[in-house]
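> got a predicted structure here, sequence first:
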Amino acid sequence: MKIKMFKSDLVKNMQKVQNVISSKSSLPILSNVLIEAEQGNIRLTSTDLDIGISAIFPSEAEEEGAITVPAKRFSDIVKELPDEDILINTMKNNSMSIKCGKCFFKILGLPKEDFPKLPEFKTEPDVIMEQAVLKNMLSMTYFSMSHDETRYVLNGALFLFKANQLTIVTTDGKRLSLLRKELPNTVTDRSVIVPSKTIYELNRVLEDEGEVRITLSENQIRFEAQNITIISRLIEGEFPNYSQVIPKEAKEKIVLNREQFLLGVKRAALLTTQDSRAIKIDVLKNKMVISKSHPNIGEAKEEIDTAYNGHEISVGFNPGYLMDVLKVAPRDELAVEIVGPDKPVVIRIGDGCLYLLLPMQLT
């Protein structure tokens, strides 16, 4: 293999594929990146057996071929090279030479045949949608995914395809995020759970322009966007019936400014500790008082204006959970539903967006 490419192209595409590589893998080949030269393009591929990512970009290929090399070492070398064209040449014994200006490196790799093959899919995608739409949906829901290994079905996002809609739901048992968007085409009804690692990678590599093509198989999902492809295993199991925990819409709503609410929660959170995380929210007529008191630290209190004429309520919440929602809520004015100290708070934004948070006991 003899190839020539711009340093910037190689650095950018290595950044797209190397995050999935685990340094703790028992299989040495999984620490490597597969580099393939074919038809005037370079393809970089990495995998941890659960998720695989490929990025393809143009190059000058004098001689086609393939090799795998340690991903971190290769990436570190490339980043430190001068901003000139990079020449890569593979030699006998699975070694690779890297030349750039007056710099020269030689590293040892492993043959392509040792690298796991990514699953194959049918040609036609099940769904084609805008990258920006999917990226927005993930950005507004990913933070509610669970990290508890004992509840593995919650360690990802539910993708519910129905008619011409995609609904994404995430929950960790203490909070829930739901976002629904119209699709440009009608799809076969199906629900799948996409692992959290895949969600993070998608959210990182999706762009604000162009389309993403989604293809489903029995236990895998593929996302293709411009020059990048992500293939992932699906989480097996039954996602909880989330609709059962969503209460009916409250008659009395607390209408307030999102930014004021966010800043008030953020300031009260400054006095929380590992053992005392909850902040207190007092809902009064046309105002809300956000406070935090700790006997060994001090007290914080802030009042914000609201539009509300219901009964008075005092309730505790995890401020981090509230801030996660308030940072991404797409409206300046929110209608918040708080009906009691032991009932979930619900924020509905239009017909297709909902956030639910369980209260915390005040200590």
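Arrived safely. Numbers count the residues shown, from 1 in each chain.
> low pLDDT regions in the chain?
363 (pLDDT under 70).
> again, 50 this time
Scanning the chain for pLDDT under 50 picks out nothing.
> got the domain boundaries for it?
As given by automatic domain parsing, the domain ranges for the chain are 2-114, 127-244, 254-357.
> just send those back as TSV, with mean neighbour count too.
C-beta coordinates here come from the backbone N, C-alpha and C atoms, glycine included. Shown next, in TSV, are the domains of the chain (neighbours: other CB atoms under 10 Å):
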stretch	mean neighbour count
domain 2-114	17
domain 127-244	17
domain 254-357	17
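> now the strands for the stretch 151-300 of the chain?
In the stretch 151-300 of the chain, the segments counted as strands under DSSP state E, counting those that start in this stretch are 156-171, 175-195, 211-216, 220-225, 228-233, 254-257, 279-284, 287-294, 298-305.
> and of the ones you listed, who's closest to residue 240?
Of all the strands of the stretch 151-300 of the chain, strand 156-171 sits nearest to residue 240, with 7.1 Å by CB to CB.
> for the closest one, what is the distance to the chain centroid?
Put simply, strand 156-171 sits 14 Å off its chain's centre (CA atoms, centre = their mean, to the nearest Å).
> and it with strand 211-216, angle?
With axes from the mean of the first three to the mean of the last three CA atoms, to 10 degrees as the basis, strand 156-171 and strand 211-216 are set at 100 degrees to each other.
> of the strands of the stretch 151-300 of the chain, which approaches residue 9 most closely?
Nearest to residue 9, of all these, is strand 228-233, at 13.1 Å by CB to CB.
> does residue 29 touch residue 114 like I think?
Yes - with contact defined as CB atoms under 8 Å, residue 29 counts as touching residue 114 (4.9 Å).
> anything in contact with each of those two?
Residues touching both residue 29 and residue 114 (CB atoms under 8 Å, 6 or more residues apart in numbering) are residue 68.
> can you put the strands of the stretch 151-300 of the chain in JSON lines and add distance to residue 205?
Below are the strands of the stretch 151-300 of the chain laid out as JSON lines (distance: least, CB to CB, whole Å):
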{"stretch": "strand 156-171", "distance to residue 205": "16"}
{"stretch": "strand 175-195", "distance to residue 205": "14"}
{"stretch": "strand 211-216", "distance to residue 205": "10"}
{"stretch": "strand 220-225", "distance to residue 205": "7"}
{"stretch": "strand 228-233", "distance to residue 205": "6"}
{"stretch": "strand 254-257", "distance to residue 205": "34"}
{"stretch": "strand 279-284", "distance to residue 205": "35"}
{"stretch": "strand 287-294", "distance to residue 205": "37"}
{"stretch": "strand 298-305", "distance to residue 205": "38"}
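> which of those strands sits closest to residue 98?
Judged by CB to CB, the one of those that comes nearest to residue 98 is strand 228-233, at 23.3 Å.
> got the CA positions of that closest one in CSV?
Once non-C-alpha atoms are left out, strand 228-233 reads as follows in CSV (Å, rounded to 0.1, in the frame of the first residue of the first chain):
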residue,chain,number,x,y,z
ILE,A,228,-19.0,8.0,8.1
THR,A,229,-20.8,4.8,9.0
ILE,A,230,-21.6,3.5,12.5
ILE,A,231,-22.8,-0.1,13.0
SER,A,232,-24.0,-1.1,16.4
ARG,A,233,-25.5,-4.1,18.3
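> can you put the domains of the chain in TSV and add distance to residue 120?
Formatted as TSV, the domains of the chain follow (distance: least, CB to CB, whole Å):
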stretch	distance to residue 120
domain 2-114	12
domain 127-244	9
domain 254-357	34
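> ok, back up a step: how about the strands of the stretch 151-300 of the chain, which one is nearest residue 5?
Closest to residue 5 of these, according to CB to CB: strand 228-233, at 16.7 Å.
> contact partners of the closest one?
If you take CB under 8 Å, 6+ apart as the criterion, strand 228-233 is touched by 16, 50-56, 118-119, 121, 194-195, 197-198, 201-202, 205, 219-223.
> do that again at 7 Å, thanks
If you take CB atoms under 7 Å, 6 or more residues apart in numbering as the criterion, strand 228-233 is touched by 16, 50-55, 118-119, 194-195, 198, 201-202, 205, 219-223.
> filter these down to the ones in helices?
Using DSSP state H, the members of these that fall in helices are 16, 198, 201-202, 205.
> nearest to residue 287, of those?
For the ones in helices among the contacts of strand 228-233, the nearest to residue 287 is residue 202 (41.0 Å; CB to CB).
> ok, now how distant is the residue nearest to residue 299 when sequence neighbours are not counted from residue 280?
In space, and not counting its chain neighbours, residue 299 is closest to residue 293: 4.5 Å by CB to CB, 6 or more residues apart in numbering. Distance from residue 293 to residue 280, counting by CB to CB, to the nearest Å: 8 Å.
> thanks a lot, see you next time.
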